[in-house]
Every structure is written in structure tokens, then in C-alpha cells.
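>>> No letters, just coordinates:
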């Protein structure tokens, strides 16, 4: 693939125009391209590989917690949506429909799945008979479609990739345990793999998943202070069980409705990790999902080229054998300086430089993408040094993102105070809320911010609603969101 | 999941009704279920896991040959199909169209992809400028839809899962090399992982992929003698490059059209492995893709139960640590005999029985699903014994399938001879063919058999066309096919 095309334009600085910076970076780093279909992007190999690496990490966690994968149909009969009233109201405005196929009009329009609670519900009703069949714990990796009016690559696209877990349980206790377990799995993954700190909490009723009894989310702060909902887990009660007749014979031989859950994360996490970690030089990729963790660049005059490249190949083999994702750029017609810029822009965690002088001294230079620090290390101990630096880079990225999140977390007592704060601050605001939809709506109308969640561990407990001044029922995180 | 439901009905013997046997087995083993949408199935966990294991094996082979994964949109504008005349003629009758979305009629109908040559072509034209960008080697794992009139689970469904590789090259030589390389990758995978012997060859023009210059296939023989096309690889020449303007500046600074290829295998391989290996007791799964390779069944009277289960758990941990996919069924309320039948039906390669007597002797019993042989092995050496038996089972399955293929491979000189043979024989027929579409069509009309391919290594070279008696241009494999 052309390595040069990305360098035609400069990257807009974040401080000048964050949205423009984002688009510049993802285009230039060849993570995606626009497709000819509105709101649908192409995930190019460097972008898709981030998703593949996320999938591996998540899939292992799902399997470790007893889930199995399956695959359910893309098409859902229109009538299915009408079975759960809140669900249809939530999703109908975004559904694309297949109305003709094989040259004929279809008798019933087929929706392209925006999420699959209805199809899973229909099948679970067939498969579940007794408490012995429970819990039923299934996940699927799939494409889904929501016909969005305004789209943004990775963060909000008409078609996106995700996983959706759907589980059925004997009772509320078990289903709620599952709901929280999966929220914890997401938290662990997003923090410990993507190096993104999150605020864990419960959604307010107006921000709940359409058809859920309770929705829980993890919320991440982008570098422009906006929020991205990084994962959600829903306790659905018996709503879908009643709608689709998912019943079982309990231990006393009585028919009961199942309690169900669903939970998902999507390719929007690619957008989130770019907006959390990236800088004016380009991408900064978390080592655990970076397609390339180390790029090796042999340097020095032509006369030493052969011996340096020979050693580079030998070290490449060592690193690769240790499971490190490494590549070599030994092109002779491109300068080392150009390569340094290029791989910084692409966010590769470690640059390894090897020249004739290094070789004589039995060492090479490692450069961290995140701190910019250079370090000479012994070639005898290279694998351990690289592994240690990758771990350090992950920790540095998380610490940096956490510091940013904490710096941009403020507290307000009134709506006026919030509006005033917005002129000079970005980030998340903690405020009291009485629990009424009207007050929540007023915040949105006057500030553009929505309630992100009711954090499990708020920095402080607020006593009054920021809008009406009544007693606060909850302390809520508000923010403008992607 | 209910383990009992599958046992409600008996499996129809293969000799009585092969199609019925197939449906009985896949339903009873819980590999799939019908969905409420015509021709779309649900891949249940035991079926989907076969696909997951196939994906792992194939994906590694694709990456080892320099390919990277990407993801292209599900929707393709209708106009794209009209750009390549043969392509549109081949696929138009099977396309479903989205005509409304978000409550509005779309300006241009969107096809759901049946295959993605057109979308890749459109994007490749943007990405490829120079010979330095070539070869471009991309694969995608995706769902595709073809609105089939007659469907059969796994083998022919409206929506199915597959991978599609799309590559662009400087010239015909390089593109043809890729085409053959991927056919070899498929052959290696299907024979050495799925234990299915195949006939490798070239498709006749009437059986080519719509828009290809040459199509190559591997063909497998099912136990009823019918053929399944197990994988195809296409050399597309410059047809799609011309249609989508995929050009590059060559080493002499002249604009040239790329030569492109595409190649794919799909979830129909699940159907193929069932029909090749299954028997009247149910599934027989190839060890390399079986979700469970070993099922451990502790046996003996209640008083020894605790000690036997203790040892079972210990051995389970040993096998698991060695990377063997193992599970334990230690339910007390189900008899060992019932379990033996159940796991035979589910096709698990090895049953491991462990009773108190075995324990005293420091051994256990391994039973091969394919040969039925029982063998007492020392517990000290269990991992090696299991690994060796898994390898043996793979070899036995391949040898058995190859013997069946060879026994049911016959040769005919005339169409009358072929028709007569069909009354008493099943399988593949080798025959001469003059090269005319009319003769090929006549074979199909009078026998229901189609040309499968022109094998690279025919058992014999035929000299006359089976229909018209003219000189044979090729020796062709004919068969009825799924």
C-alpha cells in the first residue's frame, strides 16, 4: 500500500480543530476510508487489525466467563420489533428495510438488525424448556446497521461491527449478576488493554437501552473533553421474555419467565482509543492492540548496510519468536528521518534504531512513542527490554489519560454555573439531579450535554438538583458526547 | 442447553434417506436451527464453533501468505453491478435490495453484498497508484446474501458466512500465481484439517464465476455421491480493473490496468464435513476442528464416585493444559450408556472412560469415534496417547473418505452409458468433452449432473466427447452437486 499518500497533507493540530485532527489522522494512518454508501466506512487493514486484536482479548474473556459464540440472521421480520413496545419506538427510526429480493417484492419487509434481542428472544423461546437449560449464555460477533443521520468514522457509522451478548437466567438475582459481571469485563478490557480509564455507572431512565429495565455503562473522556460510551450492559428483566414467550419449568415444576440480559461493545472503541491517546504527531496506539508493536529501522551509511540489515533480520526473528508484533522497514530509498515521522504518525509504540556504531557496542536504541524517550539497550537482553518497555508504555498511556480525565472533571451546583463553566472548561461535570426527566432535558437543551451515567463511585455526593434545586436523588455525570 | 431434546427422534439411516439423515443429524446435534426468515439459519454454538476453528486455521494460512484482513461495507450501490456485464447477469437474480431506511425511500437502491468484487474494485481504484502499491493482498471475513430459491442448511442458505480474498497485481503471471497459491491453500486446509479429499481442477466456461477469466475449484464427494464445491479461486484478468478503473503507473511510468483475483470458502464446508464423515449414529467430527476433541466420562458405583471424579478433574486439567479441547460429563442422573450414545451422535472424536478398576490399574479407556476401537492406556502417558489417537483419527477419516471417493469414481464414454451407470452407481463420472456448451447442457438436462471441473490430474485421459462423439478437448468430472 502506498506509504507516501498519507504525507500529502499536514495533520491539523488538536488545539486548532479537534474534529479535523481526528479525520486527518485516521485517513493519513490509513485506518479507514469513506465508502460510496452514506455513513458506511471501509475498515482498512491497519484499522481492522486493531479490531481483530480487541476481538481476541474480549473473546477470551467471554469464554472464560462461560459464554459461547453463535451466529444469528442479519434479517429480522418487521413484526418482531412490534412485540416489545419500547424497543420498537427506540429503533424504528433507524431501521433499513429489505423490501425486494430475487426480483420480487417481499410479503413482509425484513429489517437489517440494529441489535438482536428480538431474534435471540424468538430462538430462546424454542430452546429453553427447563431450569436445566439455564443459564443460556451466548455471544455473537456481527455487523449491525442503524441508519444514522449524522455519522463520524468509527464513532457513529450506519454499519458497524460489534459483539452482542444475550443471556437468559432463572431469576433476577442471577441476571443482575451477569449484567454486572459483563460491565466488569468491559471495564477490565478498556482499562487494561486499551489503557483508557472509564467512569462506571448506571444510565438514567431516558438514556436506557430501548426495552431495558436498567442500563449500565462505562464512559470514557476524549481529549476534547467529550464522552464516548465505551460499553453497555443491560438487565432486561422479563420484558423480552414476556414479548417472546421465553419460559421455563422451574425446580417446582412451575412455568416461569426468564430474566434476560444483553451487553455489547463495538468498533467505536477504535475511535475512542484514537481520541484518548492521539497527539499532534498522529496516532498513539496502546501496545496490547497495536498491529505493529515495534518497528525496526536500520540506519547508517551504505557501506555498513549489509551487516546492519543482517543483524536486524536476526533480531527481528528473536522478537517475533517471543510473540512481539514487529516489522522491519529497511527500504534504502527512504530516509530514516522520514521513517521516524511516518511511524510516529502511525502510532507504533516502539521504534528500534540500529546503526553500525550500535552494533559495535552490542546495543540498539529504543524510542517510546508516548514519552519520546530514547534508551540504549543491550542486544543480549533485547526481548526482555522490549517487553518491559511495552508494559511501561501501556502504564504511561493509562496514567496520562487518567490524569487528563481527573483534570477535566469538575463539579457544579446549578445550571447557570454549568453553562458558565462550559465557556472555559471542557470535560465531565458532576452535578446533583432530582430524578425528573424535565430537568435532564433542560440541561441538554441549554448546554448540549447529556447525562452520561450515575457513577458508582462519584467524587462527591451532591445534595441539590442543578436545575430545579430540589433534593438530589442522584449524583450524575453530565457531558457532551459523541 | 437441553441435552435431551435431541433424543426425541431417531436418526433416519443414510441408506434410507440421505437428505433426511442430514437434517436429523444437524438438528439433533444442535448445530443449527431454522430461523423465521426464509433460507436463513441460526448457527448454534456447536455449529458455529466448527466455523471458528476453521477460521483460525485458514486465517493463519492467509496471513502466512502475506494477506491482511479488512472490512468492506455490506451495502453496494445497484449501479456498481452494472459496471461489469457478466457479473451483473450472474448475480442480479439473487440480490436483495434495501429500498427504504430511516423511514424514507432511498434515492438509489442498495444491494446486500452477494460477493464484493465491485466494492473492492471501487476502493482499489482509489488506493492503487503505482507498482509500489502492488500486490495488494486483502481478505475479509463477512456475511453475504444470495436469495436462493431452494435452500439447505449450511450448504445453500440465503445468508451465509465466508471469507473473500481480493488481490491486485502488476501482471497476469503474478495474478495467476496468486490464484493457484490460494487454490493450494484451500486444498491443504480441506484435506489436512477437515480430512476431506478433493479433486482439484479448472471450471468449464459455463460454470465460471460471473466475471472471471478462469475459475478453479476443489470438489469433494459426499456420502451420497454428490459433489460439493469446497472452494474456488478466480483469475479475473483485467475485467474488474477495466470496469472500476484500477490502474497503476508501471516501472516505465506507463499507466496499466491491474490483474485481479478473488477466492473464497464458506460455511458450506460445515455441511460438507458432515456429509463426508457422518454415519448412522450421527456426526463424526474431524479432530482438528471439533469443538470438543475428548469427552471424559467417569463411571462406576456411587461409593467410588468421589475418587473417580477427583482423578477425572486432575486428568482434565492435564489435557487442557496440553491444548486439547476436552470436557467432562460427570452428571450423576444420566447413565454412562446414554452418554456414550449422546457423544457418539455429536461426533466427538475420543471418549475417555475412567472407572474405579481403571484407576487401580493406573489406566483409562480411550474409544475412537471413527473406528469404534477401545484401548486401555496408561495415565502416566495420557497426553501423548490422546494426541497420537487424535492424529490417528484424522488419518483414518481421510483414508476412509479417500477410499470412498475412489470407489465411487467411474469412467464413461457416452451419455447413454452415463445414464445407465446412474441407475446403479453414485459418485463422480470422468468423461471426454468436446468443449461445446451445448453438449455440457445436454448432460445436465438428461442426467441432472453438471461438469464439476477439468481435473489437473485425471485418472485417465478421454479421447471423445461423451455427447457428440467428436474429439475431446478436455477430460471432465461430472456429478450431481449440492
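It's in. Because the structure is predicted, anything quoted here is derived from the model rather than measured.
>>> So which residues on the stretch 351-482 of chain A come close to chain B?
Taking Cβ under 8 Å from any Cβ of the partner chain as the criterion, chain B has no neighbours within the stretch 351-482 of chain A. Where you see a C-beta, it was placed from the backbone N, CA and C, and this is true even at glycine.
>>> Residue A:362 - how many residues pack around it?
Residue A:362 has 9 neighbours, counted by other Cβ atoms under 10 Å in any protein chain shown.
>>> Once you drop chain neighbours, what's closest to it?
residue A:379 (5.2 Å; Cβ to Cβ, 6 or more residues apart in numbering or on different chains).
>>> gap between the one you found and residue A:354?
With distances taken as Cβ to Cβ, to the nearest Å, residue A:379 is found 9 Å from residue A:354.
>>> who touches both of these two?
A:311, A:315, A:364 (Cβ atoms under 8 Å, 6 or more residues apart in numbering or on different chains).
>>> and the residues you listed, which of them are in strands?
residue A:364 (DSSP state E).
>>> among the shared contacts of residue A:379 and residue A:354, who's most crowded?
residue A:364 (24 neighbours).
>>> Now do the contacts for residue A:415.
Contacts of residue A:415 (Cβ under 8 Å, 6+ apart): A:442, A:443, A:446, A:447, A:466, A:467.
>>> would JSON lines of the residues you listed with neighbour count and distance to residue A:295 be doable?
Converted to JSON lines, those look like this (neighbours: other Cβ atoms under 10 Å in any protein chain shown; distance: Cβ to Cβ, whole Å):
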{"residue": "A:442", "neighbour count": "15", "distance to residue A:295": "51"}
{"residue": "A:443", "neighbour count": "23", "distance to residue A:295": "46"}
{"residue": "A:446", "neighbour count": "14", "distance to residue A:295": "48"}
{"residue": "A:447", "neighbour count": "17", "distance to residue A:295": "43"}
{"residue": "A:466", "neighbour count": "25", "distance to residue A:295": "49"}
{"residue": "A:467", "neighbour count": "21", "distance to residue A:295": "52"}
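>>> of all of the stretch 351-482 of chain A, which residue lies closest to chain B?
At 19.6 Å from chain B, residue A:482 is the closest residue in the stretch 351-482 of chain A, using Cβ to the nearest Cβ.
>>> and the stretch 151-300 of chain A, which residues reach chain B?
Counting by Cβ under 8 Å from any Cβ, the stretch 151-300 of chain A sits next to chain B at A:159, A:161.
>>> now for whichever helix or strand residue A:440 is part of, which elements pack on it?
Using DSSP states H and E, residue A:440 falls within helix A:437-447. Secondary-structure packing of helix A:437-447 (3 or more Cβ pairs under 8 Å, 6 or more residues apart in numbering or on different chains; DSSP states H and E): helix A:415-424, strand A:450-455.
>>> and the angle for the following helix or strand past the longest one with strand A:450-455?
What that stands for is helix A:415-424. Later in the chain than helix A:415-424, the nearest helix or strand by DSSP H and E is strand A:428-433. With axes from the mean of the first three to the mean of the last three Cα atoms, to 10 degrees applied, the angle from strand A:428-433 to strand A:450-455 works out at 80 degrees.
>>> following the helix or strand of chain A with the lowest mean pLDDT, which helix or strand comes up?
Each helix and strand of chain A was given a mean pLDDT (mean pLDDT, DSSP states H and E); the minimum falls on helix A:85-91 at a mean of 86. Scanning forward in sequence from helix A:85-91 by DSSP H and E, the next helix or strand is strand A:96-101.
>>> so residue A:187 touches residue A:197, yeah?
No - look at residue A:187 against residue A:197 with Cβ atoms under 8 Å: they stay out of range, at 9.7 Å.
>>> okay, these two: which has more neighbours?
residue A:197 (21 against 18).
>>> my guess is that one is in a strand, correct?
No - using DSSP: H, G, I helix; E, B strand; the rest coil, the assignment for residue A:197 is coil, not a strand.
>>> so where's chain A shaky on pLDDT?
Chain A contains residues with pLDDT under 70 at A:1-9.
>>> TSV please, covering the contacts of residue A:415 and showing distance to residue A:181.
TSV is the format used below for these (distance: Cβ to Cβ, whole Å):
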residue	distance to residue A:181
A:442	36
A:443	32
A:446	38
A:447	34
A:466	33
A:467	35
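>>> By neighbour count, which bits of stretch A:114-128 are buried? Give me those.
A:114-125, A:127-128 (16 or more other Cβ atoms under 10 Å in any protein chain shown).
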